[in-house]
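J.: Sequence first, then the predicted structure:
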Amino acid sequence: MNLENAKKIMLVTLKWIFICALTGIFSGSASAFFLVALEWVTHYREHNNWIIWLLPIGGGLIGLGYHYWGKDIIKGNNLLLEEYENPKKTIPLKMAPLVLIGTLITHLLGGSAGREGTAVQMGGAIADQFTKLSSRAQSRDKLDNPERKTLIILGISAGFASVFGTPLAGALFALEVLYFSKISFKSIPLSFITAYIAYFTVEFWQVKHTHYTIPIIPEMNLTNVFWVILASILFGFAAMLFSRSTHFWGALFSKIISFPPLRPFIGGIILALAIYFIGTTKYIGLGVPMIVDAFSIPNAPYDFLLKILFTGFTLGAGFKGGEVTPLFFMGATLGSALSLVVPLPIALLAGMGFVAVFSGATHTPIACTVMGMELFGMESGFFIGIACTIAYFSSGSVGIYKAQIVKGAKYRLYQKVKSKDIELL
């Protein structure tokens, strides 16, 4: 290696370290602000339940905002996946403030949504602004596609790691959710560097994450493995139900209401009435208190179903937010309810469901297994790994991200099932 080549390698390395640092710091700071603001609006809503009647107005404002200023970014997380698969143009920076404001309105007024989608979209939009810095070409129409793809991975990694406080899972999630779109080797270490910088940025701002514990881990034997597999299949079915529910409501609203801003307005009316008639706010917002309680108090069998209904309807109507924290809610409460019939510790079942339903809905069993170990401890790793893998295979081929490419063993399994169904018909 001559001196000129060594100099080029050093400059490229320094450039990417600089990009990772800025992406992690900016995305982590955005997530820190988002988490603090989210806590504030949730607290305000819980102490002022009358505000739920403003859901239609909030929905209308979100709809109008995206209709007039955000048509090119309305796909949200799917836009990031599409740009990764087929890079065309830089993701507009306006995605970050629009999704931030839309999500805060959704949570303030009582919609059922999560936070990962918001953090990931903010991270993706921030990271992609470095396209000009990272591209070798000067013309905007001649972007270096491999480098743009790396930037999108960094944005997803930073957003996920910072909003959940799980840097290992964040880095792996960004790589795994895009796995079948081909990932360059260079993206792997950069994803981990960015995830940790974003994570420590949130720590620097002294923003705390929710902690969960699994105090009792049973011995690993055939009986316990049988119950784990059985529960995990149900977790996979819950993931499938939620994914299809969200797509169903989105398609239904698009079909019956042609003017997009009217969809969240009408959806807000229905949501407000539904919340009023069921007489509880347990199934709106993030639902973190319910998730925490699920680790020690058995839930009713219908809790996870009502969360699926409220979240699928909220997002399908056009409100903003993520899906992952509601998936945690569904999995934890389903696992908690199963503790009434499954002879495993309630905290273990809740923890398994917490990450397994997420695994099935996003097709990311490795990241979810690592996330489970980051959140609950290494001791539960074997049970968590089985749960995430079984849920992944039993959740069907449709996930929450329409633009995600699904291949491999799971894809072939469901293609065979479809082929047999066609033959029978």
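T.: All right, it came through fine. Treat the numbers as computed from the prediction; the structure is a model and nothing was measured.
J.: drop to CA atoms for contacts and neighbour counts, all remaining ones
T.: OK.
J.: For the stretch 51-200 of the chain, give me the ranges with low pLDDT.
T.: 133-144 (pLDDT under 70).
J.: quick one: the helices in the stretch 251-400 of the chain?
T.: Counting by DSSP state H, counting those that start in this stretch, the stretch 251-400 of the chain forms helices over residues 262-278, 288-294, 303-317, 324-338, 346-362, 365-376, 381-394, given from the N-terminal end onward.
J.: Just give the number of residues close to residue 25.
T.: A total of 23 residues lie near residue 25 under the criterion other C-alpha atoms under 10 Å.
J.: same check, this time on residue 95
T.: If you count neighbours by other C-alpha under 10 Å, residue 95 ends up with 23.
J.: what's near enough to touch it?
T.: 70, 73, 76, 121, 122, 125 (C-alpha atoms under 8 Å, 6 or more residues apart in numbering).
J.: Apart from its neighbours in sequence, what residue is nearest the third one?
T.: For residue 76, ignoring the flanking residues on the chain, the nearest one in space by C-alpha to C-alpha, 6 or more residues apart in numbering is residue 121 at 6.4 Å.
J.: List the residues that contact the one you found.
T.: For residue 121, the contacting residues are 76, 77, 80, 95, 96, 99, 155, 156, 159, taking C-alpha under 8 Å, 6+ apart as the criterion.
J.: Which single one of the residues you listed is nearest to residue 88?
T.: Nearest to residue 88 among the contacts of residue 121, counting by C-alpha to C-alpha, is residue 80 at 11.2 Å.
J.: Give me the neighbour count for that closest one.
T.: Counted with other C-alpha under 10 Å, residues neighbouring residue 80 total 26.
J.: Go ahead and confirm it touches residue 124.
T.: Yes: counting by C-alpha atoms under 8 Å, a contact exists between residue 80 and residue 124, whose distance comes to 6.9 Å.
J.: Would you format the helices of the stretch 251-400 of the chain as TSV with mean neighbour count and distance to residue 231 included?
T.: Below are these laid out as TSV (neighbours: other C-alpha atoms under 10 Å; distance: least, C-alpha to C-alpha, whole Å):
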stretch	mean neighbour count	distance to residue 231
helix 262-278	19	28
helix 288-294	18	16
helix 303-317	23	14
helix 324-338	29	8
helix 346-362	32	8
helix 365-376	23	16
helix 381-394	25	8
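J.: any chance of those in a markdown table, plus mean pLDDT and distance to residue 111?
T.: Rendered in a markdown table, the data for the helices of the stretch 251-400 of the chain read as follows (pLDDT from 0 to 100; distance: least, C-alpha to C-alpha, whole Å):
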| stretch | mean pLDDT | distance to residue 111 |
| --- | --- | --- |
| helix 262-278 | 97 | 8 |
| helix 288-294 | 97 | 14 |
| helix 303-317 | 98 | 6 |
| helix 324-338 | 98 | 11 |
| helix 346-362 | 98 | 20 |
| helix 365-376 | 97 | 26 |
| helix 381-394 | 97 | 27 |
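J.: Phi and psi next, for residue 119.
T.: Backbone torsions for residue 119, taken as degrees, to the nearest 10, come to phi -60, psi -40.
J.: List the contacts of it.
T.: Contacts of residue 119 (C-alpha under 8 Å, 6+ apart): 27, 30, 31, 34, 159, 160, 162, 163.
J.: To what extent is the first one buried, counted in neighbours?
T.: Spelled out, that is residue 27. For residue 27, the count of nearby residues is 39 (other C-alpha under 10 Å).
J.: Just list what the helix or strand containing it packs against, helices and strands only.
T.: Here residue 27 sits within helix 3-46, counting by DSSP states H and E. When contacts are defined as 3 or more C-alpha pairs under 8 Å, 6 or more residues apart in numbering; DSSP states H and E, helix 3-46 sits against helix 95-109, helix 116-128, helix 145-164, helix 187-204.
J.: and the angle for the longest one with helix 365-376?
T.: Compare the direction of helix 145-164 with that of helix 365-376 by axes from the mean of the first three to the mean of the last three C-alpha atoms, to 10 degrees and you get 30 degrees.
J.: Helix 145-164: what's the following helix or strand?
T.: helix 167-176.
J.: hmm, back to that, quick check, nearest of the contacts of residue 121 to residue 305?
T.: For the contacts of residue 121, the residue nearest residue 305 by C-alpha to C-alpha is residue 77; the value is 24.3 Å.
J.: I figured the closest one hits residue 120, correct?
T.: Yes: judged on C-alpha under 8 Å, residue 77 makes contact with residue 120 at a distance of 7.3 Å.
J.: so how far is residue 234 from the residue lying closest to residue 193 once chain neighbours are set aside?
T.: Closest residue in space to residue 193, ignoring its immediate chain neighbours: residue 20 at 6.7 Å, by C-alpha to C-alpha, 6+ apart. In this structure, residue 20 and residue 234 are 39 Å apart, going by C-alpha to C-alpha, to the nearest Å.
J.: picking that back up, name the residues contacting each of residue 80 and residue 124.
T.: By C-alpha under 8 Å, 6+ apart, the residues touching both residue 80 and residue 124 are 91, 152.
J.: Check which residues of stretch 65-77 are buried.
T.: Counting neighbours by 16 or more other C-alpha atoms under 10 Å, one finds that the buried residues in stretch 65-77 are 65, 66, 70, 73, 74, 76, 77.
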